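**Q** Structure for the following, please:
(2 chains)
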Amino acid sequence: MLELRKVSKHFSGIPAVDKVSFSARPGEVTGYLGPNGSGKSTTMKMITGLIGMTSGEILFQGAPIRENLIAYKRHMGYVPEEPYLYNHLSAAEYLTMVAQLRDLPVRQSIDCVDGLLRLLSLYDDRHASISGYSKGMRQKVLIAAALMHNPDLVLLDEPFSGLDVGSSLVLRSLIQELAARGKVVLFSSHELETVERISTRVVILHRGKVVADDSIERLRSMMELPTLEEIFSQLAVEQDTGTTAKQIADLIHA
Amino acid sequence: MHNLVRNLVDFLPQQFRVLYRQFLLRIIDLEALSIQADIPRFLGQISGVLIMFSMIHTLIAWAYLGDTEDSPPKLLSFAWHLEHHLIAMMMLVVGLIAVASWDSIFPDRRDTMILGPLPVKPSVVLAAKAAAAAAVIGLAIVTLNVAAGFAWPSVLAMRGRGPSEFLPTLASYWLTMIAASVFVYGSVLTVQGLTALLLPRRLFLLCSAFLQLAAFAVFFGVFFLQPTLTTPAEFANPSYGAFLSWAPSYWFFALFNRLRGALPENLNWLATRAWIGLAAAVAGSVFSLLLCYLRTMRKTIEQPDLLPAARGPRMNLRLGSSIEAAILAFSFRSVTRSRQHRVVFAFYMAIVLAVALSSARSFLAAAAQPLAPGFLVASFVMMSFAVLGLRSVFSLPISLTANWMLRISQLFPSWRYIAATRHALLCLTVLPVWITAALLSLHFRPWPQVAGHLIVLALLGSILADLSLIGFYKVPFTCSYLPGKVNIQFVFWGSLILFLTLGLTGARYELAALHNPVRFAWMVIALGSMAACLRAFNRYRARDAEIYFEEVPAEVITSLRLISLPSSEEAF
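**A** The predicted structure is shown next:
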């Protein structure tokens, strides 16, 4: 289980994440939602160990991740929000490098890289430079790199970004399949409909604080709202969307 | 004056001014720099090195003025030698700038995608790029000749007809330097432009990288390997006729002397060649640039986003552990595929190549011979420059935003990554240079001495690798770079003096030791111990080190002394 206890992160004294506590359990898909700038990606980066916490504790399988970060990283797979990759490598070279850095056995890594490239429809372009890849293709490379070592904890930050309909459906099923096989899956997305379909529970973040943490069913009944979109709008959207759109159109003299 | 300049600048179209600033900065890849990078300081340091060269040339020129004992033919030979060297060096510097700014004057995909949708005419883009290139070349011309450009004409005037000769000689000097620079830069543009026009876009991109390296090798090779002709008799020698026909530095040497009215009649054809070459280079570059901006920009947009790639060779050969193999492959691919890294590394490798070619020319022509000090120095210089070059390139990042993967997958202690970096350095520089030296030494005898030298060279490679990696707790190509941090003046001149001193002294000592088994054994023991100690030292320090991905400038606390703090006695 992944557990966050009063985790905070301040940048120059300003809180980006403020005493966030929640847990994600094996076998469940936990959706992590929030508007832009709410602190979702910062939380994700703290869970990966890419950035430190100002205070609080993150535990995985009962142990603080800071105690043995290297052992923790062996169990974790991460798809970042932005598809940052080494553009001068091909997909095959990049995934091989990741396999080597993770010290996977040679035979296993070759089979795994080839298999993932085939299943993600990248095999024909596996030797082409990543610099020429579309956003969706890059996203697939990131997904392959995150999963190739069979992690117990899967962290997905906007994983559907740039994917076509078919690939999105595959990923949606894959997330559910991984959870069904006992993995801890935490994913953030702005596609509320997808989150609603595949998440067991959701955590909604607003201005760095958790404003909801429950199953979608219970949130619906508690707030007496029919969809996750309306729940999210009520909890985390402050602006009057219609008025803002009108103001923009007025500004450009449309 | 300030207002005049400002009015002149304001007179230029705004689009031109904006683009000019952008293109001028693009000579340094901004992605390679961290936020705190001090670009003006970096450029200032490079200019400082060129100014130092100019000062050295000035000292030589004054030595010529003070020399009253040598005969007129000797003095003429000295003067011609210096004049040719000044011109050849100018051409080398501009050639290196042309190679370093390869592709930057032609429209690339980024320009097309960013500027294409904006209401900017291609002619404005071309003008801004040409102006940026001219500014950089102008800076190089001025800094490299800032002292010698006045000293040498004044010396020639004082040696010649007196002060009245100064102004014509001064004008001839600067005109020649500008003409030689335009010729070199224009030639590079012409070759590039014609290749872009004649070849399909995809093939051109492939060829462009090789052309760039070839240009590097040509500039260095010509500068270091071409014969030095310093007397009228040598110029008149028919055996040098074919060489002079294809030696542009001698064309412009002749042009300088013709402009100042000091060229022998029989060498006029060389000066004529300079004019023809200059006209051809200017015409070729203008023609290819115009056509490229009209044609290539469209081709750039029309090309498919994803080019099908042939199956590349899979690196089944795994040298070292998995992490060593990963970092070795990453380093190799980065240095061969990134234009910026390739150019910087090529600068060093061109020196290695020039020394290797020079050695091959000097030693392989004859039959088997005893080991010569020149060869020992050459192999030492090759090893030093190769290690220094790759170590310098290791510091330049390739894609900082992609480093998250290395941090996420950092499953081993730091010393394993540092060891893998050393492994990559050894495999990519020490091993190839050692093999090259071994091949070059096939013509030397006796074999035991050759083997002895190769042992010494291997130990030296290990020492240099460990020396260069002291405090380098990074994965190659992954850490941001602060260009202003290193004092280039100090490093450049310090390294040059160190290499020359150590190279010459060491070669003499090694040659003596190779003839004395006991002395040689002591030498190997000393070098071996030094290599082992350095390796142990680096491994010991690496155990507590942390891999870092961001160069941070040293924090400087400046006291403004606005308040006076009470002394400790007063405080208590």
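
**Q** Leaving out sequence neighbours, find the closest residue to the residue of the stretch 201-350 of chain B found nearest chain A.
**A** Proximity of the stretch 201-350 of chain B to chain A (CB to the nearest CB) peaks at B:A326, 3.6 Å away. Yep, even glycine has a C-beta here, placed from its N, CA and C like the rest. Distances taken as CB to CB, 6 or more residues apart in numbering or on different chains put A:Q100 closest to B:A326, at 3.6 Å, once the chain neighbours are dropped.

**Q** what about that neighbour, neighbour count?
**A** In terms of burial, A:Q100 registers 24 neighbours under the definition other CB atoms under 10 Å in any protein chain shown.

**Q** How about the contacts made by it?
**A** If you count contacts by CB atoms under 8 Å, 6 or more residues apart in numbering or on different chains, A:Q100 has them with A:109, B:322-323, B:325-326, B:329.

**Q** Inside helices: which ones of the residues you listed?
**A** Among the contacts of A:Q100, DSSP state H puts A:109, B:322-323, B:325-326, B:329 in helices.

**Q** Where neighbours are concerned, which of those has the most?
**A** Counting by other CB under 10 Å, top hit in the ones in helices among the contacts of A:Q100: B:A326 with 26 neighbours.

**Q** Give me the longest helix you can find in chain B.
**A** Using DSSP H to define each element, chain B has its longest helix at helix B:166-198.

**Q** I should have written chain A there, sorry.
**A** Assigned via DSSP H, chain A shows its longest helix as helix A:165-180.

**Q** And for the nearest residue to A:D152 once chain neighbours are set aside, the neighbour number?
**A** Leaving aside its sequence neighbours, A:D152 sits nearest to A:H75 (CB to CB, 6+ apart; 4.4 Å). Neighbourhood size, A:H75 [other CB under 10 Å]: 17.

**Q** my read: A:H75 touches A:F60, true?
**A** Yes - A:H75 is in contact with A:F60 according to CB atoms under 8 Å; the separation is 7.0 Å.

**Q** follow-up on the earlier one: redo the ones in helices among the contacts of A:Q100 as TSV? Include pLDDT and distance to A:H127.
**A** Shown next, in TSV, are the ones in helices among the contacts of A:Q100 (pLDDT from 0 to 100; distance: CB to CB, whole Å):
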residue	pLDDT	distance to A:H127
A:S109	91	17
B:S322	92	22
B:I323	94	24
B:A325	93	19
B:A326	94	18
B:A329	93	14
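
**Q** Could you single out the nearest of the residues you listed to B:E165?
**A** In terms of CB to CB, no member of the ones in helices among the contacts of A:Q100 lies closer to B:E165 than B:A329, at 62.1 Å.

**Q** Show me the domain layout of chain B.
**A** B:13-301, B:322-543 (automatic domain parsing).

**Q** C-alpha coordinates for stretch B:318-327, PDB please?
**A** Extracted in PDB, the C-alpha atoms of stretch B:318-327 (Å, rounded to 0.1, in the frame of the first residue of the first chain):
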ATOM      1  CA  ARG B 318      28.200  -5.800 -23.900                       C
ATOM      2  CA  LEU B 319      31.300  -4.300 -22.500                       C
ATOM      3  CA  GLY B 320      31.100  -4.400 -18.700                       C
ATOM      4  CA  SER B 321      28.200  -4.700 -16.300                       C
ATOM      5  CA  SER B 322      24.700  -3.600 -17.300                       C
ATOM      6  CA  ILE B 323      25.100  -0.100 -16.000                       C
ATOM      7  CA  GLU B 324      28.500   0.200 -17.700                       C
ATOM      8  CA  ALA B 325      27.100  -1.000 -20.900                       C
ATOM      9  CA  ALA B 326      24.200   1.500 -20.600                       C
ATOM     10  CA  ILE B 327      26.400   4.500 -20.000                       C
END
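
**Q** Residues in contact with that stretch: which ones?
**A** Against stretch B:318-327 from outside (CB under 8 Å, 6+ apart): A:97, A:99-101, A:103-104, A:106, B:315, B:328, B:412, B:416-417, B:419-421, B:423-424, B:427, B:475-476.

**Q** Return a PyMOL selection command for the buried portion of these.
**A** Selection command for PyMOL covering only the buried members of those, criterion 16 or more other CB atoms under 10 Å in any protein chain shown:
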select buried, (chain A and resi 97+99+100+101+103+104) or (chain B and resi 328+412+416+417+419+420+421+423+424+427+475+476)
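
**Q** so of the contacts of stretch B:318-327, which ones are in helices?
**A** Short answer: those in helices (DSSP H) are A:97, A:99-101, A:106, B:328, B:416-417, B:419-421, B:423-424.

**Q** Switch the residues you listed over to CSV; also include distance to B:F345 and pLDDT.
**A** Putting the ones in helices among the contacts of stretch B:318-327 into CSV (distance: CB to CB, whole Å; pLDDT from 0 to 100) gives the following:
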residue, distance to B:F345, pLDDT
A:M97, 20, 93
A:A99, 27, 93
A:Q100, 23, 92
A:L101, 24, 91
A:V106, 29, 89
B:L328, 15, 95
B:R416, 25, 93
B:Y417, 21, 94
B:A419, 22, 94
B:A420, 19, 95
B:T421, 16, 96
B:H423, 18, 96
B:A424, 13, 96
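
**Q** Could you work out the most separated pair of those residues?
**A** Maximum distance among those (CB to CB): 21.7 Å, for A:V106 and B:T421.

**Q** what sits in contact with each of A:H75 and A:F60?
**A** By CB under 8 Å, 6+ apart, the residues touching both A:H75 and A:F60 are A:L153.

**Q** Now do the helices in the stretch 151-300 of chain B.
**A** For the stretch 151-300 of chain B, the helices defined by DSSP state H, counting those that start in this stretch cover B:166-198, B:201-225, B:232-236, B:241-245, B:248-259, B:268-291, B:297-302.

**Q** ok, and which of the ones you listed has the densest surroundings?
**A** Of these, the one with the most neighbours on average (mean count of other CB atoms under 10 Å in any protein chain shown) is helix B:248-259, at a mean of 24.

**Q** Can you name every helix or strand that that one contacts?
**A** If contacts are counted by 3 or more CB pairs under 8 Å, 6 or more residues apart in numbering or on different chains; DSSP states H and E, helix B:248-259 sits against helix B:72-100, helix B:166-198, helix B:268-291.

**Q** Only the C-alpha atoms, please, for it, written as PDB.
**A** Extracted in PDB, the C-alpha atoms of helix B:248-259 (Å, rounded to 0.1, in the frame of the first residue of the first chain):
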ATOM      1  CA  PRO B 248      44.400  29.200 -50.300                       C
ATOM      2  CA  SER B 249      46.400  30.500 -47.400                       C
ATOM      3  CA  TYR B 250      49.300  31.200 -49.800                       C
ATOM      4  CA  TRP B 251      46.900  32.900 -52.300                       C
ATOM      5  CA  PHE B 252      46.000  35.400 -49.600                       C
ATOM      6  CA  PHE B 253      49.600  35.700 -48.500                       C
ATOM      7  CA  ALA B 254      50.300  36.700 -52.100                       C
ATOM      8  CA  LEU B 255      47.300  39.000 -52.100                       C
ATOM      9  CA  PHE B 256      48.600  40.900 -49.000                       C
ATOM     10  CA  ASN B 257      52.000  41.400 -50.600                       C
ATOM     11  CA  ARG B 258      50.500  42.500 -53.900                       C
ATOM     12  CA  LEU B 259      48.200  45.000 -52.200                       C
END
